[in-house]
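*Asks:* Give me a 3D structure for the following:
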Amino acid sequence: QVDLVESGGGLAHVGASLRLSCATSGRILSVYGMGWFRQAPGKEREFVAAVSGTSTFYNDAVKGRFTISRDNAANRLYLQMNDLKAEDTAVYYCAAHKSRAITTLEIAYDYWGQGAQVTVSS
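*Replies:* Prediction:
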């Protein structure tokens, strides 16, 4: 069993920055593919960013503003979010899958965190 716990969400103004953190229960970051997803009110959950090995991939909506990274020694995954927009308001989820492939498919992920609320006000 892998536990994922997000933190760092909250309220921010348009143009501000936030960093989400995902604590993992074991040393999985070096062998599992990791990703961030988000779900806005009234919308389906969508892919945000993924990392596996040295490769990263981003949703076009966040490319250039968000950065996914990890600290294997600390067992933490991060999502640095800069230049926030009102449309970034959502619950953000950390997820892990047992493959080293980069994937944007929600169904491919085996483990999920409980989510962290990010609210961006104008």
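
*Asks:* for the nearest residue to residue 95 once chain neighbours are set aside, what are its contacts?
*Replies:* Distances taken as Cβ to Cβ, 6 or more residues apart in numbering place residue 109 nearest to residue 95, at 4.0 Å, with adjacent residues excluded. (Each C-beta comes from the backbone N, C-alpha and C, glycine too.) Residue 109 makes contact with 35, 37, 95-97, 103 under the criterion Cβ atoms under 8 Å, 6 or more residues apart in numbering.

*Asks:* Where does the most centrally placed residue in the chain fall, secondary structure wise?
*Replies:* Taking Cα atoms, centre = their mean, the centroid of the chain lies closest to residue 36, which sits 2.5 Å from it. Residue 36 is part of strand 33-39 when elements are defined by DSSP states H and E.

*Asks:* Please point out which parts of the helix or strand just after that strand sit buried.
*Replies:* Of the helices and strands lying after strand 33-39 in sequence (DSSP H and E), the nearest is strand 46-52. Taking 16 or more other Cβ atoms under 10 Å as the basis for neighbour counts, the residues of strand 46-52 that come out buried are 47-52.

*Asks:* Can you check what angle separates strand 46-52 from strand 33-39?
*Replies:* 170 degrees (axes from the mean of the first three to the mean of the last three Cα atoms, to 10 degrees).

*Asks:* Pull the residues that contact strand 46-52.
*Replies:* For strand 46-52, the surrounding residues in contact (Cβ under 8 Å, 6+ apart) are 33-39, 56-59, 62, 66-70, 77, 79, 92, 99-106.

*Asks:* Where neighbours are concerned, which of the contacts of residue 109 has the most?
*Replies:* Scoring the contacts of residue 109 on neighbours with other Cβ atoms under 10 Å, the highest-scoring entry is residue 35 at 29 neighbours.

*Asks:* That one touches residue 101, doesn't it?
*Replies:* No - under the criterion of Cβ atoms under 8 Å, residue 35 makes no contact with residue 101, lying 11.1 Å away.

*Asks:* Right, I'll leave it there.
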